[in-house]
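> Using only what follows, build the 3D model:
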Amino acid sequence: MRPVVVAKVGGSLFDLPDLRDRLLRWISGVEAERILLVPGGGEAADVIRRLDQVHRLGEETAHWLAIRMMAVDAHLLASLLGVPVTSGVRQLGAAPTAVVDAYDFCREDDGEPGAVEHSWRVTSDSIAGRIAAVIGGQLVLLKSIDLPDGCDWERASSGGLVDEAFPEIVRRHELPVTWVNLRRPQHNSCE
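This is a model prediction of the structure:
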């Protein structure tokens with residue numbers, strides 16, 4: 001049986017004028033039963049981060065506001081690709097490709113063992129990892145840069161390439177992770 005692939009689409013990719021074409025080309029080359037796309041929060045989540053610094057919203061409030069920004073990006077991405085948005089991942093519809101509304105997923109998953117913490121240590125990288133763990137899928141990180149040679153997730157985290165919680169999630173769930181620089185045709189893997 002072919003796997004379900006959870007692909008985190010980095011928010012930094014949303015400025016690509018041909019994002020739709022690049023994603024469709026990537027999707028067409030993936031051997032999977034289903035592909036679930038998880039958009040990053042991008043600039044919208046960065047606005048929340050700045051507002052948190054100004055207004056001291058607190059980690060709990062800022063966490064949920066940033067995830068709401070991911071939901072906005074989910075609807076944008078679904079519109080670009082002409083695919084549905086799914087609000088939950090435990091009962092997937094029949095569409096071969098869908099975009100996950102991270103806000104709905106995180107609300108549904110909140111309180112479950114292994115759910116992501118409510119802090120800035122968690123971004124869309126960890127949320128996509130959690131989704132892959134919940135459904136037993138493979139994780140792909142679609143990013144704007146190459147992964148440095150000799151990668152390890154701790155170094156990637158300390159270098160700001162993935163969030164602080166990501167190495168823990170990968171380790172805890174023994175997730176295989178593929179890294180794809182969507183701005184360039186080749187990709188790197190790091191497991």
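> who touches Trp26 in this structure?
By Cβ atoms under 8 Å, 6 or more residues apart in numbering, the residues touching Trp26 are 7, 142, 180, 182. C-betas here are computed from N, CA, C, even on glycine.
> try 6 Å
For Trp26, the contact set (Cβ atoms under 6 Å, 6 or more residues apart in numbering) is empty.
> What are the buried residues along the host helix or strand of it?
Taking DSSP states H and E as the criterion, Trp26 maps to helix 19-28. Under the neighbour-count criterion of 16 or more other Cβ atoms under 10 Å, helix 19-28 has 19, 22-23, 26-27 buried.
> cool, stretch 85-98 as well?
Those buried within stretch 85-98 under the rule 16+ other Cβ under 10 Å are 85-87, 89, 97-98.
> Strands - which of those land there?
Per DSSP state E, strands hold the following members of the buried residues of stretch 85-98: 85-86, 97-98.
> Of the residues you listed, which pair is most distant in space?
With Cβ to Cβ as the measure, no two of these lie farther apart than Val85 and Thr97, at 11.3 Å.
> Overlap in contacts, these two.
Common neighbours of Val85 and Thr97 are not found (criterion: Cβ under 6 Å, 6+ apart).
> Ser144 is in contact with Arg184, isn't it?
No. Ser144 is beyond contact range of Arg184, at 9.4 Å (criterion: Cβ atoms under 6 Å).
> Which one's more surrounded, these two?
Between Ser144 and Arg184, Ser144 has the larger neighbour count (other Cβ atoms under 10 Å), namely 15 against 10.
> Leu161 and Leu37: what is the separation?
For Leu161, the distance to Leu37 equals 20 Å [Cβ to Cβ, to the nearest Å].
> err, Thr61, not the other one
Note on Thr61: its distance to Leu37, by Cβ to Cβ, is 27 Å.
> These two: who's more crowded?
Neighbour count, other Cβ under 10 Å: between Thr61 and Leu37, Leu37 has more, with 25 against 15.
> for the more buried one, phi and psi?
Backbone dihedrals for Leu37, given as degrees, to the nearest 10, come out at phi -100, psi 130.
> Surely it touches Val9?
Yes. With contact defined as Cβ under 6 Å, Leu37 reaches Val9; the gap is 5.5 Å.
> quick one: contacts of stretch 39-58?
With Cβ under 6 Å, 6+ apart, stretch 39-58 has contacts from 9-11, 14, 62, 65-66, 69-70, 72-74, 77, 124.
> got those residues as CSV, with pLDDT and secondary structure columns?
Below are the contacts of stretch 39-58 laid out as CSV (pLDDT from 0 to 100; DSSP: H, G, I helix; E, B strand; the rest coil):
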residue, pLDDT, secondary structure
Val9, 98, strand
Gly10, 97, coil
Gly11, 95, helix
Phe14, 96, helix
Ala62, 94, helix
Leu65, 96, helix
Ala66, 95, helix
Met69, 94, helix
Met70, 94, helix
Val72, 94, helix
Asp73, 95, helix
Ala74, 96, helix
Leu77, 97, helix
Ser124, 97, helix
